[in-house]
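Chemist: Let me see the structure of the following:
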Amino acid sequence: MKNLSEFTNLYSLSKTLRFELKPIGKTLEHIQNKGLLAEDEQRAGSYKKVKKIIDEYHKAFIEKALSGVFLTKLNDFDFQYRLPKEQRNDDTFGKIQEALRKEIVAAFGKNETKEQFTNLFKKELIKEDLLNWVNDEKQELVKEFEKFTTYFTGFHENRKNMYSADAKSTAIAYRIIHENLPKFIDNI
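Modeler: Model prediction:
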């Protein structure tokens, strides 16, 4: 058997330090008297429910914004897509796809949905739009966050990616033009 020293100190060892903030003195008493921990736990549960409500709102908004949209470059896309791949001009096809994505994104901020679109990622979504959109039962959940709208900052950033005109797989326009439209044309 070989010497054990050949097997020791070969790999660095990383350790994670964890710290805990423990309230002392009057701070602990204040937290318990105000019921802050129970309030925070309840808000964390409500947060998950309100996120689902916001997702439903986004779905309704997308449906409203895209209903009746006419894409001007659709015939060009259809023509290029039906060509055999060897004959298709990839630059032209890419530019058509980009133009179609931009048309879809532009539809979100048009006329009757313009104000609604600008509020999607702001505190007004919680304070106004959702309150007017949900029923009485869900209003109480939403009202819990009237003074805590920053809870949704990261969530709003993620949802903002859905409305991008870039060729990102998470964007609505990308999915419509790059994934669904070719399937639709193939099915015709």
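Chemist: just the helices in the chain please.
Modeler: Taking DSSP state H as the criterion, the chain contains helices spanning 26-34, 36-66, 74-82, 90-108, 114-119, 123-124, 130-133, 136-143, 153-160, 172-174, 181-187.
Chemist: export these to a markdown table and tack on mean pLDDT?
Modeler: Rendered in a markdown table, the data for these read as follows (pLDDT from 0 to 100):
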| stretch | mean pLDDT |
| --- | --- |
| helix 26-34 | 88 |
| helix 36-66 | 92 |
| helix 74-82 | 89 |
| helix 90-108 | 92 |
| helix 114-119 | 88 |
| helix 123-124 | 90 |
| helix 130-133 | 90 |
| helix 136-143 | 88 |
| helix 153-160 | 91 |
| helix 172-174 | 94 |
| helix 181-187 | 90 |
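Chemist: most tightly surrounded among those?
Modeler: Counting by mean count of other Cβ atoms under 10 Å, helix 172-174 has the highest mean neighbour count of the helices of the chain, with a mean of 22. C-beta coordinates here come from the backbone N, C-alpha and C atoms, glycine included.
Chemist: coming back round to it: nearest to S14, out of the helices of the chain?
Modeler: Taking Cβ to Cβ, helix 153-160 is the member of these nearest to S14, at 27.3 Å.
Chemist: which residues sit in contact with the most centrally placed residue in the chain?
Modeler: Ranked by distance to the mean C-alpha position of the chain (Cα atoms, centre = their mean), the top residue is R159 at 2.0 Å. For R159, the set of contacting residues under the criterion of Cβ atoms under 8 Å, 6 or more residues apart in numbering consists of 54, 58, 120-121.
Chemist: Could you report the distance from it to D55?
Modeler: For R159, the distance to D55 under the criterion Cβ to Cβ, to the nearest Å works out to 8 Å.
Chemist: which non-adjacent residue is nearest I62?
Modeler: Using Cβ to Cβ, 6 or more residues apart in numbering and skipping the chain neighbours, the partner closest in space to I62 is I172 (6.4 Å).
Chemist: can you tell me which residues contact the one you found?
Modeler: Contacts for I172 were tallied using Cβ under 8 Å, 6+ apart; they are 62, 104, 162-163.
Chemist: Now with 10 Å, please.
Modeler: Remark: with contacts taken as Cβ atoms under 10 Å, 6 or more residues apart in numbering, I172 is in contact with 58, 62, 65-66, 101, 104-105, 108, 161-165.
Chemist: what's the farthest-apart pair in the residues you listed?
Modeler: H58 and R101 (18.1 Å).
Chemist: just to revisit the earlier point, kindly reformat the contacts of R159 as CSV containing distance to F152.
Modeler: Formatted as CSV, the entries for the contacts of R159 read as follows, by distance: Cβ to Cβ, whole Å:
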residue, distance to F152
I54, 7
H58, 12
L120, 11
F121, 9
